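Asker: Make a model of this:
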Amino acid sequence: MELNPEEWLKAHGDSLFRYALGRTGRRDVAEDLMQETLLAAWRGRDGFRAAADERTWLFGIMKHKIDDHFRRLARSGGVHPAPDEDTALDEEDVEFGEDGSWRMRPGRWGSDPLAEMEVDEFWLVLNQCVESLPERLRESFLLRELGTLDSAGICGVLGVSENNLYVLLHRARLRLRTCLERNWFQREGAR
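Answerer: Just a heads-up that it's a prediction; the model follows:
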């Protein structure tokens, strides 16, 4: 496969930017990471393997740039990395009984869940919930929902098997559901 650096920004820029913005929560940082990613790709273009997918390769570079960004912040005392999801209780043990049924039935999400999405405050709560996810869960969720990679591409970026990706996505969705129910749908005076 032949690389086409002139088309990188046009073909992949939006997805890369959304991924960086979702991970960092800051537009200025996401823009800087985009530039760093494209520059690193340009400098490393001779090392690109023709068997690889260009988009997956660029997302892999972006992932490393984001990791570097958070390492720099952690060294400077700006932020502490979130604990790995493997250190937490398995959500399935908490959410489901021995017979496989919900221990606590999913809450009511209002009479019109789509109307909830029209409320700006909902998006703030959703972003906070996404940011509260452990890093690997957050990455898998953002790549799947905001990126344009297929499952194989996401697996390549994260270095996980397809089965593991589905487990990560399931756990992310369970945690997001719980977070949204606590912080949005079950609030006092909720819709």
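
Asker: separation between residue 55 and residue 9?
Answerer: Applying Cβ to Cβ, to the nearest Å, the value for residue 55 to residue 9 is 13 Å. Quick note: C-beta positions are derived from backbone N, CA and C, even for glycine.

Asker: what's the answer for residue 65, then?
Answerer: Note on residue 65: its distance to residue 9, by Cβ to Cβ, is 15 Å.

Asker: of those two, who's got more company?
Answerer: Taking neighbours as other Cβ atoms under 10 Å, residue 65 and residue 9 compare with residue 65 leading, 20 against 14.

Asker: Read off the pLDDT value for the more buried one.
Answerer: We have a pLDDT of 91 for residue 65.

Asker: before we move on, what about residue 141?
Answerer: Here, the pLDDT recorded for residue 141 equals 92.

Asker: didn't it look like it was pressed against residue 134?
Answerer: No. The pair residue 141 / residue 134 is not scored as a contact, 10.5 Å apart, by Cβ atoms under 8 Å.

Asker: in the protein, what secondary structure element scores lowest on mean pLDDT?
Answerer: Of all helical and strand segments in the chain, the minimum by mean pLDDT, DSSP states H and E falls on helix 91-95, at a mean of 49.

Asker: Kindly report the domain assignment for this protein.
Answerer: 5-75, 85-185 (automatic domain parsing).

Asker: Lowest average pLDDT across the ones you listed?
Answerer: Minimum mean pLDDT among the domains of the chain: domain 85-185, a mean of 76.

Asker: residues in contact with residue 33?
Answerer: Under the criterion of Cβ atoms under 8 Å, 6 or more residues apart in numbering, the neighbours of residue 33 are 20, 24, 62, 65-66, 69.

Asker: Name the member of those residues that has the highest neighbour count.
Answerer: Per-residue neighbour counts (other Cβ under 10 Å) across the contacts of residue 33 peak at residue 62, which has 28 neighbours.

Asker: State whether that one is indeed within a helix.
Answerer: Yes. Per DSSP: H, G, I helix; E, B strand; the rest coil, residue 62 lies within a helix segment.

Asker: For burial, what's the neighbour tally of the spatially closest residue to it that is not a sequence neighbour?
Answerer: Closest residue in space to residue 62, ignoring its immediate chain neighbours: residue 37 at 4.5 Å, by Cβ to Cβ, 6 or more residues apart in numbering. By other Cβ under 10 Å, the residues close to residue 37 number 26.

Asker: ok, now how distant is the residue nearest the centre of the chain from residue 5?
Answerer: For the chain, the residue nearest the mean C-alpha position is residue 142 (2.6 Å; Cα atoms, centre = their mean). Using Cβ to Cβ, residue 142 is found at 25 Å from residue 5.

Asker: Also residue 175?
Answerer: Counting by Cβ to Cβ, the gap from residue 175 to residue 5 is 38 Å.

Asker: the more surrounded of the two?
Answerer: residue 175 (22 against 11).

Asker: Please list all residues in contact with that one.
Answerer: Counting by Cβ under 8 Å, 6+ apart, residue 175 makes contact with 91, 129, 132-133, 137.
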